[in-house]
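> what follows is a predicted structure for the sequence shown.
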Amino acid sequence: MSRLAATFDDAADEVSRFGLEQMPVDMDARGDGYRLTVERFPIGVILGIVPYNWPFNLAAHKLAPALATGNTIVLKPSQQAPISTLSLARLIHEAGCPPGVVNAVNVPSRFVLDVAKDARVKMVSFTGSPSVGWMLKKELNDKRVSLELGGDATAIIADGADLDWAVPRIVAGGYGYAGQICISIQHVLVHRSLYKQARERLVKGTLDCPSGDPLDRRVVCGPLISSDAADKVMDWIEEAIRLGGKLLAGGNREGNVISPTLIEDVPPAARLSCQEVFGPVMTIASFDSVDDAIARVNSSEFGIHCGIFTSDIRVAEKAFREIEVGGVIVNDYPTLRFDNMPYGGVKRSGFGREGVRYAMEEMTEPKAMLVRTL
């Protein structure tokens, strides 16, 4: 809720400095006596599609930039968590938003494509699964589309990293919210010099991570959103072990709660190694060189965030330059996001960027006015 408020505050702050720019043209001799103004204009109706896992703040990342740039928006919440998003729309109406500017409609997903194809909709901002997102992109080849999709984020523990800091952060980043975050840690790569220590600590951290009822404030890992989601995660765990992965901790289920699970050396053939599990499961493996770790991360079809724990700024810079992701988080987990930073992925993880100012750019069109003053 505090991040929801901060996202709207950030958009309000941007209004005073966004979208109007004076640019020189006198670097060209023909530009003497001319003044160039570039202004960004709203594009029209935006269709915002919100997932279940952050139904307030991810809605805010569509609502606040749209309102700040003068657009109108139709918001479709997830049918697995509609009440939060609809409540936010009601609060906006009660705060005085004019009728028709913010529209929130809870409808089955099968209606989304027809609405998106409506000529009045100028942009679709979608957060959700890669399969649905890329289908929309293909079908809407004549519209502006922003996609924030899935990921299989990696945390790299480089030689010389501070394990006292890294291990608790990795536990939190892999198992918090039951792993139902697109930048939740799914893979841990540890330099061979630290592997034994890190492995022992991660096993203990996994076993000690509280799971169960999220109404208990001590719980870090709560339930999956549905029994179908829990079925999928357990199926992937069982497959990884059957194909040769070694279960180090967890792997148990009670209702829709799956205990935090750590699996070593998951083979490439297992879905857990290369697809998004969206559950409280991490894999762990060793590496010999930073180049090896970077190559492993880049072999993924996804790329939103990667985290690297290191005491060497040269290693951090190398990771930043060479890892194919939307953001590199140095000395913290890749699950970290601040709401004003550019946020989004490459490869199958998405198209375009969120983060308030960056979303405002996506939702506007620049127009130039060149004036002869002499």
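Cool, got the structure. Residues are numbered from 1 along each chain as shown.

> what's the domain layout of this structure?
As assigned by automatic domain parsing, the chain contains the domains 2-149+345-372, 153-330.

> turn these into TSV, including mean pLDDT.
Putting these into TSV (pLDDT from 0 to 100) gives the following:
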stretch	mean pLDDT
domain 2-149+345-372	96
domain 153-330	98
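
> hey, which of these is tucked in deepest?
domain 153-330 (a mean of 19; mean count of other C-beta atoms under 10 Å). Using the backbone N, CA and C atoms, a C-beta is placed for each residue, glycine as well.

> can you give me the end-to-end span of it?
Start-to-end span of domain 153-330 (C-alpha to C-alpha, to the nearest Å) is 14 Å.

> ok, now stretch 324-344?
Terminal-residue distance, stretch 324-344 (C-alpha to C-alpha): 12 Å.

> distance between that stretch and the chain's centre?
9 Å (C-alpha atoms, centre = their mean, to the nearest Å).

> stretch 33-50 now?
25 Å.

> about what we covered before: of the domains of the chain, which is nearest Phe338?
Nearest to Phe338, of all the domains of the chain, is domain 2-149+345-372, at 8.3 Å by C-beta to C-beta.

> ok now that closest one, how far from the chain's centre?
Going by C-alpha atoms, centre = their mean, where domain 2-149+345-372 is centred and where its chain is centred differ by 16 Å.

> can you map out the strands along the stretch 251-374 of the chain?
Here the stretch 251-374 of the chain has its strands, by DSSP state E, counting those that start in this stretch, at 253-254, 257-258, 261-264, 281-287, 305-309, 327-330, 350-351, 364-372.

> contacts for the fourth one next, please.
Going back to what we said before, that points to strand 281-287. 156, 170, 174-175, 179, 185-192, 195, 198-199, 202, 206, 233, 236-237, 240, 245, 248, 250, 258, 261-266, 272-273, 293, 296 (C-beta atoms under 8 Å, 6 or more residues apart in numbering).

> contacts only, for Phe41.
70, 364-367.

> let me redo that: Glu264
199, 245-246, 248, 283-285.

> can you identify the element that follows the helix or strand hosting Val145 toward the C-terminus?
Using DSSP states H and E, Val145 sits in strand 144-148. As assigned by DSSP H and E, the chain's next helix or strand after strand 144-148 is strand 153-157.

> what does that following strand rub up against?
163, 166, 170, 173-174, 183-191, 194, 198, 287, 290, 293, 296-297, 300, 304-310, 319, 333-335.

> likewise stretch 223-241?
Stretch 223-241 is contacted by residues 52-53, 80-81, 178, 180, 214, 247, 251, 253, 255-258, 261, 263, 266-267, 270-273, 275, 277-281, 283 when judged by C-beta under 8 Å, 6+ apart.

> which stretches of the stretch 201-350 of the chain form helices?
Remark: helices assigned in the stretch 201-350 of the chain by DSSP state H, counting those that start in this stretch are 227-242, 271-274, 290-298, 313-322.

> the first one to strand 281-287, inter-axis angle?
Inter-element angle recorded for helix 227-242 and strand 281-287: 30 degrees (by axes from the mean of the first three to the mean of the last three C-alpha atoms, to 10 degrees).

> starting at the chain centroid, how far to helix 227-242?
23 Å.

> as CSV, could you dump the C-alpha coordinates of that helix?
Provided in CSV are the C-alpha atoms of helix 227-242 (Å, rounded to 0.1, in the frame of the first residue of the first chain):
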residue,chain,number,x,y,z
SER,A,227,-4.6,-25.6,-6.4
ASP,A,228,-3.8,-25.7,-10.2
ALA,A,229,-0.7,-23.5,-9.6
ALA,A,230,0.4,-25.7,-6.7
ASP,A,231,-0.1,-28.8,-8.8
LYS,A,232,2.2,-27.3,-11.5
VAL,A,233,5.0,-26.4,-9.1
MET,A,234,4.9,-29.9,-7.5
ASP,A,235,5.0,-31.5,-10.9
TRP,A,236,8.1,-29.5,-11.9
ILE,A,237,9.8,-30.4,-8.6
GLU,A,238,9.1,-34.1,-9.1
GLU,A,239,10.3,-33.9,-12.7
ALA,A,240,13.6,-32.1,-11.8
ILE,A,241,14.4,-34.8,-9.2
ARG,A,242,13.4,-37.6,-11.5
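
> bridged to Ser146, which residues?
Ser125 (DSSP bridges).

> roughly how far does it sit from Asn331?
Distance, Ser146 to Asn331, using C-beta to C-beta, to the nearest Å: 30 Å.

> repeat that for Met360.
In terms of C-beta to C-beta, Met360 sits 30 Å off from Asn331.

> quick check: bridge partners of the residue lying closest to Ala316 once chain neighbours are set aside?
Spatial nearest neighbour of Ala316, chain neighbours left out: Val330 (4.5 Å); criterion: C-beta to C-beta, 6 or more residues apart in numbering. Judged by DSSP bridges, the bridge partners of Val330 are Ile308.

> go ahead and confirm Val330 touches Ile308.
Yes: contact criterion C-beta atoms under 8 Å: Val330 and Ile308 qualify, at 5.8 Å.

> can you pull the residues that touch both of the two?
Common neighbours of Val330 and Ile308 (C-beta under 8 Å, 6+ apart) are 316, 319.

> Gln180 contacts Ile258, doesn't it?
No: using C-beta under 8 Å, Gln180 makes no contact with Ile258, being 11.0 Å away.

> can you pull the residues that touch both of these two?
In contact with both Gln180 and Ile258: 224, 279, using C-beta under 8 Å, 6+ apart.

> next, His105: phi, psi?
Quick fix: residue 105 reads Val, not His. phi -130, psi 120 (degrees, to the nearest 10).
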